[in-house]
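Colleague: What would the 3D arrangement of this be:
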Amino acid sequence: MQITQNVPASRQYIRDAVTERNDIASQSLHDQWEQLILRPLLKLDEHSDQSTYVLVIDALDECDNNSNIRIIISLLAKARCLKTTRLRIFLTSRPEIPIRNEFQQILDTQHRDFVLHNISPSIIDHDISIFFEYSLNLIGQEHALDVYWPGEEVLRRLIQIADGLFIWAATACRFIQEGFLVDERVQILLEGNTSIHATEEYPEEHLEVHPEKHLDELYTTILKKSFRPGYSAREKEKFYGLLRSILGSIVVFLSPLSANSLRRLLNITKHEIDLALNDLHAILNIPKVDSYPLRLHHPSFRYYLLSKKRCKDPDLWVDKNQAHQTLADYCIRLMSTSLKPDICEFDAPGILMAEVERSIIDQNLPPEVQYACLYWIKHVQKSGAQLCDDGQVHRFLQKHLLHWLEALGWMGKVSEGVHAIVALQSFATSDDCPNLSHFIHDAKRFVLYNRSIIEQAPIQTYCSALIFVPTTSIVRKQFADCTPKWIEMLPRVEENWNALLQTLEGHSDPVLNVAFSPDGKTLASASLDRMVKLWDARSGVVLQKLMGHSPIAFSLDSKTLASAFNVRTVQLWDAGSGVVLQTLEDHSSYNNDNYIRAIAFLPDGKTLASASSDQTVKLWDARSGIVLQTLKSCSASVQAVAISLDGKTLASASYETVKLWDADVVLQTLEGHSGSVCAIAFSPDGKTLASASLDRTVKLWDARSGAMLQTLEGHLDQVLAVAFSPDGKMLASASEGRIVKIWDAVSGVVLQTLKDHSSYDDEKYIRAVAFSPDSKILASASGDPSVKLWDARSGIVLQTLDRHSSYNSFWVVAFSPDGKMLASASDDQTVRLWDAGSGVVLQTLEGHFRDVWAMAFSPDGKTLASASDDQTVKLWDAGSGVVLQTFNIGYTADSISFSDDSTSLLTDKGILPLSSFASDSIAPLPSQIATSVHVKDQWVSLRTDRILWLPPEYRPSCVAVSRNVVALGHISGRVTLMAFNDLRVSSTSPSPTSSIDEVTLYPSGTETRMAAGG
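Modeller: Residues are numbered from 1 along each chain as shown. You can find the predicted model right below:
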């Protein structure tokens, strides 16, 4: 608002940005800065606006989130991209460590520092005197006092008592101003500070360097003044208790609340809160509108009130732990009475967060309820309370966990919920409270597995999230009654949680590279969709979306990410803010085949190496973007580059050779591979170099002598990627055949062979492998497209990230009306009829010459219709397998079903009349029709309404629908069955009473198993 008021020319540009991104208020700091500040100023730049603007940021240190502080400073540094419009930034702050560290990353020529502690006390006193003169003059005018009021002597004593603290002067003026008898209030200030004596908190020898003592006495005076004379002892006790409760809550709040919200949270009356706050305007910013947030004028009041040494009056002092415990209790009470299923009363289980106006959410989740949902666990943690089985926290989770998760979904805060549950787990130990500990562990698995859908469609918390988790899940059992009754038959799911924590979806093309940040907190993935995504490794939330592609690499301090940007450019990004720090351009681009093959940071974090197919390796100053060295002794395209941990040796791979470099001098040329070298990596101690080659081998070399130590053989295809574990004990290699091998780095013995990547396309090979910092997890990136996280010791798949599939083992399944027969269509262009009870193949129907996409039985079960990509529909005798008729319809039908009287086929393109339809004739394209229950993309829908989200593991390769029964075929050979009753779908319906069923078709097609449960 201030920019639009002070820079009128920017109004239209800011208005356009808000119109383009109407959700800008919920976007990242980076996006807000780019869209609302920098881009409008850049457009002014384009119109040659040579004005100078000053942006003032006060008290940056009061930002609670250190990560946000880093982001803000790095964003401010981007203002230097303005060429014509001049933006100057005036920033004040205490010299906290995160702030000092971040400014050290900015060149000295780009900022100037002024340390206020080094300013002469006489200058500060002079400035305070100006402030007093101005403020007291205004107060005198308001009260019609003498023009010379309060006099030079009083002014001198007030300046002396302030002792260089502007906050004391400002608080004192507010205290005087709000009084009826201003002279009396001035006298209170003067008398309260006449006798300064030594205390344990302020020893005599240090009195002169503790001006906070004056401030403490001022705060005590103001609080005491709010007490009405004439109160009885009982009234006095009650008033002080009320004051401690209100002020204690305000000073430990993790986010400010209004007087209205505070009143509802603490369950007190408007009269009580007005009584307590009426005389505290000197220390609190109390808006005239009760819906605006209450704020402290200065954080020093928080330190005073919570310090028993500074706030010496026991009637006023607030116990910090007790204040947090009180707020935790009130948060839990408020949530228990406010939260419920479908809290916004949409009565539509598939409604998406993106379809809902924010005002509706805020109406049903007022600020105090949102505060309670977001911070109750933090208050429990900060209270230091000992958790126990069947205690307050345990009982709340058992009754309201799903309601809480739904609320977080509407608030857009599910990731914060993940972190809160993880924090709760850390201090709810299995020794002290085993039942609570087990419940929290299961709740963590539940929310990690379902985070994506709770964020997209919060009411699915009671639908998809509940029915697809394992049957032994504590959460599933606890909330069994919440399962909607419109699901008549639940799908059969796994019995226990497996190693998969969550699936991260977001890339639209194959993932080529993944990398953990050295601190293990962030995972980066690079895809052919030209996006680099940064994920929170704990919650799975996307932190940043950056334009770029493989290769990628983190600096050792995890703060900087390097990625290729185009064929000749590397970009350095601030991993926290997503801000581009440097664009490195110097590689040759004369040949379209030239592109950057590998990048790596030196251990000092200041130098980056990039290897290109232009036959060079370049060393860059990561801070300035200057090329330090160009290594040109490569006779062929550089395929890979690696740097020893001591930063002294660089290795480059070009086809059959590996070169070791010291500065720009070639130390060794390692020859021995019979095929091109695709990847190389140094061991953590820098003594060993591994090289992976198209000759299907991995070789280990002595990095000093160049001697070949071992040749690791076992891959049946070209080896494309290699990586050492950070502990140096293991080596991982990946081949074109989608096989990952983990080797003992010393003995060369194969420890694990990992084979879980899809193998349907020869082009979809594994592109990269990387170990987590603790060496326990291996990440492999494949073009299938998926990223898999493996337990490096056991070889178990822990997670599959962003998995998509294009080809399937079979396409479609269909049940006969009596349920005794099952038809399946495979990519071998045949249809098979199975006995659904025994799994025996009854018939194999051959006749289509392309893949079969859709099938359906007639109502009497005697005829089967099949639709193929060959643009025909065939009618088969289900008993004998004989072709009854073939229709050339001129298009591919993706779904078909018989009409009730069997006179027509209903296709996804429309109605196909059979009675008047001649064999081998061309059918006119019919009008569109709508089915009842159907599956589209990730959803099961009823007519036009989404009702049930399908997790990645349950998304089908083919679908069959028979009235209210949906069959999902999967590439594993499994078929999942679900039934939906005819009642109106409601998001708050109670649970179904029928059984769980599933049919599993084994890949061989020779065995079928029917499973049922009660």
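Colleague: For Asp586, which non-adjacent residue is spatially closest?
Modeller: Distance criterion CB to CB, 6 or more residues apart in numbering; nearest residue to Asp586, sequence neighbours excluded, is Val627 at 5.1 Å. C-betas here are computed from N, CA, C, even on glycine.
Colleague: what about the one you found, neighbour count?
Modeller: 15 (other CB atoms under 10 Å).
Colleague: And Met964, how close does it get to Ala480?
Modeller: One correction, residue 964 is Asn, not Met. 22 Å (CB to CB, to the nearest Å).
Colleague: Show me which of the two is the more surrounded one.
Modeller: Neighbour count, other CB under 10 Å: between Asn964 and Ala480, Asn964 has more, with 16 against 11.
Colleague: Could you verify my assumption that that one touches His934?
Modeller: No - if you go by CB atoms under 8 Å, Asn964 and His934 don't touch, sitting 11.6 Å apart.
Colleague: Endpoint to endpoint, stretch 20-31 covers what distance?
Modeller: 12 Å (CA to CA, to the nearest Å).
Colleague: What of stretch 348-364?
Modeller: 16 Å.
Colleague: helix/strand/coil for the residue of the chain most remote from its centre?
Modeller: Within the chain, the residue lying farthest from the chain centre (CA atoms, centre = their mean) is Asp146, at 61.8 Å. Classification of Asp146 using DSSP: H, G, I helix; E, B strand; the rest coil returns coil.
Colleague: now do Thr976
Modeller: Under three-state DSSP, Thr976 comes out as strand.
Colleague: Can you tell me, leaving aside adjacent residues, what's nearest to it?
Modeller: Residue nearest to Thr976 in three dimensions, not counting chain neighbours: Leu968, with 4.4 Å by CB to CB, 6+ apart.
Colleague: Quickly list what the one you found is bridged to.
Modeller: Listed by DSSP bridges, the beta-bridge partners for Leu968 are Val959, Thr976.
Colleague: got the contact list for it?
Modeller: Applying CB atoms under 8 Å, 6 or more residues apart in numbering, we find Leu968 in contact with 935, 950, 954-956, 958-959, 975-978.
Colleague: Let me know the closest of those residues to Gly737.
Modeller: Arg955 (25.9 Å; CB to CB).
Colleague: Would you mark the buried spots in the helix or strand that contains Ala17?
Modeller: Secondary structure assignment for Ala17, by DSSP states H and E: helix 11-20. Judged by neighbour count using 16 or more other CB atoms under 10 Å, the buried positions of helix 11-20 are 13-14, 17.
Colleague: any idea of the pLDDT on the closest residue to Arg955 other than its chain neighbours?
Modeller: Nearest residue to Arg955, sequence neighbours excluded (CB to CB, 6+ apart): Gln938, at 6.3 Å. If you check Gln938, the pLDDT there is 89.
Colleague: from what I can see Gln938 touches Leu948, true?
Modeller: No - here Gln938 lies out of contact with Leu948, judged by CB under 8 Å, at a distance of 9.7 Å.
Colleague: More neighbours: those two, which one.
Modeller: The neighbour count for Gln938 versus Leu948, taken as other CB under 10 Å, is higher for Leu948 (29 against 18).
Colleague: For Pro859, give me phi and psi.
Modeller: Torsion angles at Pro859 (phi, psi; degrees, to the nearest 10) stand at phi -60, psi -30.
Colleague: For it, the count of nearby residues, please.
Modeller: Neighbours of Pro859 (other CB under 10 Å): 14.
Colleague: surely it meets Phe898?
Modeller: Yes - if you go by CB under 8 Å, Pro859 and Phe898 touch, sitting 5.9 Å apart.
Colleague: how about Arg112, secondary structure?
Modeller: Arg112 ends up coil, using three-state DSSP.
Colleague: What distance do you get for it to Asn498?
Modeller: Computed as CB to CB, the Arg112 to Asn498 distance reads 57 Å.
Colleague: With neighbour numbers in mind, choose between those two.
Modeller: Ranked by neighbour count (other CB under 10 Å), Arg112 and Asn498 place Asn498 first, with 13 against 6.
Colleague: returning to that earlier point: how far away is the residue nearest to Asp586 from Asp894?
Modeller: For Val627 relative to Asp894 (CB to CB), the value is 55 Å.
Colleague: element containing Leu247?
Modeller: Per DSSP H and E: Leu247 is located in helix 233-252.
Colleague: Contacts for the helix or strand that that helix is followed by next, please.
Modeller: Sequence order places helix 259-266 as the next helix or strand after helix 233-252, per DSSP H and E. For helix 259-266, contacts defined as CB under 8 Å, 6+ apart pick out 245-246, 249-250, 257, 269-270, 272-273, 277, 286-287, 290-291, 294, 327, 330-331, 334, 366-368, 371-372.
Colleague: got the angle between helix 259-266 and helix 233-252?
Modeller: Here helix 259-266 runs at an angle of 110 degrees relative to helix 233-252 (axes from the mean of the first three to the mean of the last three CA atoms, to 10 degrees).
Colleague: any idea of the mean pLDDT for helix 259-266?
Modeller: In the prediction, helix 259-266 has an average pLDDT of 96.
Colleague: that older thread, can you read off the pLDDT for the residue nearest to Thr976?
Modeller: 79.
Colleague: Next: Ser635.
Modeller: 55.
Colleague: One more: Leu41?
Modeller: Predicted confidence (pLDDT) for Leu41: 77.
Colleague: How about it: what's its closest non-neighbour residue?
Modeller: Spatial nearest neighbour of Leu41, chain neighbours left out: Thr85 (5.3 Å); criterion: CB to CB, 6+ apart.
Colleague: What's the local residue count around the one you found?
Modeller: 23.
Colleague: One more: Gly241?
Modeller: 11.
Colleague: For the remainder of this discussion, apply numbering that starts at 278.
Modeller: Taking 278 as the first residue, the last one we looked at is Gly518.
Colleague: could you show me where the helices are in the stretch 978-1127 of the chain, in order?
Modeller: Using DSSP state H, counting those that start in this stretch, the stretch 978-1127 of the chain contains no helices.
Colleague: Which strand residues bridge the residue nearest to Asp863?
Modeller: Going by DSSP bridges, Val904 forms beta bridges with Trp897.
Colleague: measure it to Ser887 for me?
Modeller: 10 Å.
Colleague: Now do the shared contacts for the two.
Modeller: Joint contacts of Val904 and Ser887 (CB under 8 Å, 6+ apart) are 861, 895, 897.
Colleague: Need the nearest residue in space to the most centrally placed residue in the chain, chain neighbours excluded.
Modeller: Nearest residue to the geometric centre of the chain (CA atoms, centre = their mean): Val818, 1.8 Å. Residue nearest to Val818 in three dimensions, not counting chain neighbours: Ser692, with 4.0 Å by CB to CB, 6+ apart.
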